[in-house]
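Engineer: my questions are about this predicted structure, shown below with the sequence.
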Amino acid sequence: MLSLGLHPRLAHLILKGRDLGWGQTAAELAALLSERDLLTDRPGSDLSLRLQALRGGRDQGIHRGRRQQARTLARSLTQGPDRDPKQTTPIGPLLALAYPDRIAQARGGRGRFRLSNGRGAMLFEEDALAGSAYLVAAELDGQARESRIFLAAGITLEEIEDVLGHHIETRQLVDWDEARGSVTASDQRVLGALVLHEKPITDLDPSILQQGLLAAIRRRGLDALDWSENVRQWRARAELAHRLDPDAWPAFDEDRLLDELERWLMPFLTNHRRWQDLDRIDWLSALKSRLDYARQQELDRWFPPAIELPTGQQARLDYTADPGPVLATKLQTLFGRTDTPTVGPQRHPVLIHLLSPAGRPLAVTRDLKSFWANAYPEVRKDMRGRYPKHPWPEDPIEAPASHGVKRRG
């Protein structure tokens, strides 16, 4: 390959073409692709027209100087004659030896293709090759999303299988059919990003069904799952524990949970076939399975779902609020308390939403002592006229906590 002095793709084309008995044609194709296009009338992308012109089978629309350069180069590169010049020249299969990553498969409308490297490519609709099921793209404009094909040759599926069989892989694809709301599976033969052959699997075993459901969850996201408020709150508590101490607690964000579905959710998918079956899953137990029992107890201790108010009542903490956790309670229930509630070993302060007797927001604070000293006098002045039946003491720190109206007497 080094002795040929060509791009490795073209050197490989020449040597493999010689081994297959097409030494002269391989050299001619390499010469054509090494020089500027010898056709000046732009008749389309088909390389067979260029090969015909190089061999003298065409006289119109030819740049004679470029043709002579290509002929000279081809003679110097030829590694041996073609085995049978009378046979149809296998231009496509030979090009595939140089460009296995540019096998193009038709997709969508006329002239639109997907390359085996995963990129899109196109030909003008009037191009003679635009209706091909498969072709090999030898020259492209290099655009990232959808390249324009300048030079190409047709190739059949059988020729692809014959020439690039060692690149073709067999795989089983399990996916989710959104329209039917069920799992699908198929055996596929693929060349890079191209599916060359696909056969549906109709008798799905449980492991395939589980993989399909996991694929559906990854596609739809965790928000599509019918989680109860209790489950959402537990996950938010675990997420906060991780944020405050990532070395001690595993992550519970969406990316991590989706990446590790096989580990924590797979055991709960027995006999589940459709999306509706997911409603039967005990999601709280599934999420808790990512923590051992001691860790679950520690989470409840350090990040409790509720705290006790000075009134003796339990008030729920909202860990899903941003930024959480949030304690929303009537202002009078915190009379007598100066320390702001905290969670976690780090004593992370709770954000307190202080509410009026009617449940409307009055203030938001993470420093209860500062609120009593600085903001409460103004709140008292404004609220005592609106809610005269409720206590508004001058000194809230010394006043007893209350959940209702003032006591008589």
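Structural biologist: Perfect, I can see it now.

Engineer: which stretches of the stretch 151-300 of the chain form helices?
Structural biologist: 157-163, 206-220, 229-244, 254-259, 261-264, 283-288, 293-302 (DSSP state H, counting those that start in this stretch).

Engineer: of all these, which one is nearest Glu378?
Structural biologist: The minimum distance between Glu378 and those falls on helix 229-244, with 32.2 Å, by C-beta to C-beta. The C-beta positions use only the backbone N, C-alpha and C, and glycine is treated the same way.

Engineer: domain-wise, how is the chain divided?
Structural biologist: 1-167, 174-221, 223-302, 309-383 (automatic domain parsing).

Engineer: return the most buried member of these.
Structural biologist: domain 1-167 (a mean of 18; mean count of other C-beta atoms under 10 Å).

Engineer: start to end distance for that one?
Structural biologist: 21 Å (C-alpha to C-alpha, to the nearest Å).

Engineer: quick one: that domain to chain centroid distance?
Structural biologist: In terms of C-alpha atoms, centre = their mean, to the nearest Å, the centre of domain 1-167 is found 35 Å from the chain centre.

Engineer: quick one, grab the pLDDT at the residue nearest to Tyr134 when sequence neighbours are not counted.
Structural biologist: Using C-beta to C-beta, 6 or more residues apart in numbering and skipping residues adjacent in sequence, the residue nearest Tyr134 is Ile155, 5.1 Å away. Predicted confidence (pLDDT) at Ile155: the value is 97.

Engineer: please list the outside residues in contact with the helix or strand containing Arg9.
Structural biologist: Take DSSP states H and E as the rule and Arg9 turns out to sit in helix 8-19. Contact partners of helix 8-19, identified using C-beta atoms under 8 Å, 6 or more residues apart in numbering, comprise 1-2, 4, 6, 23, 25-27, 29-30, 33-34, 77, 79-80, 94-95, 97-99.

Engineer: again, only using 7 Å
Structural biologist: Applying C-beta atoms under 7 Å, 6 or more residues apart in numbering, the set of residues contacting helix 8-19 from outside is 1, 4, 23, 25-27, 29-30, 33-34, 77, 79-80, 94, 97-99.

Engineer: pLDDT at the residue lying closest to Thr338 once chain neighbours are set aside, what is it?
Structural biologist: Spatial nearest neighbour of Thr338, excluding adjacent residues (C-beta to C-beta, 6+ apart): Lys369 at 4.4 Å. Per-residue pLDDT puts Lys369 at 95.

Engineer: these two touch, right, Lys369 and Gly336?
Structural biologist: No. The pair Lys369 / Gly336 is not scored as a contact, 12.0 Å apart, by C-beta atoms under 7 Å.

Engineer: sorry, back to before: got the phi and psi for the residue nearest to Tyr134?
Structural biologist: phi -150, psi 150 (degrees, to the nearest 10).
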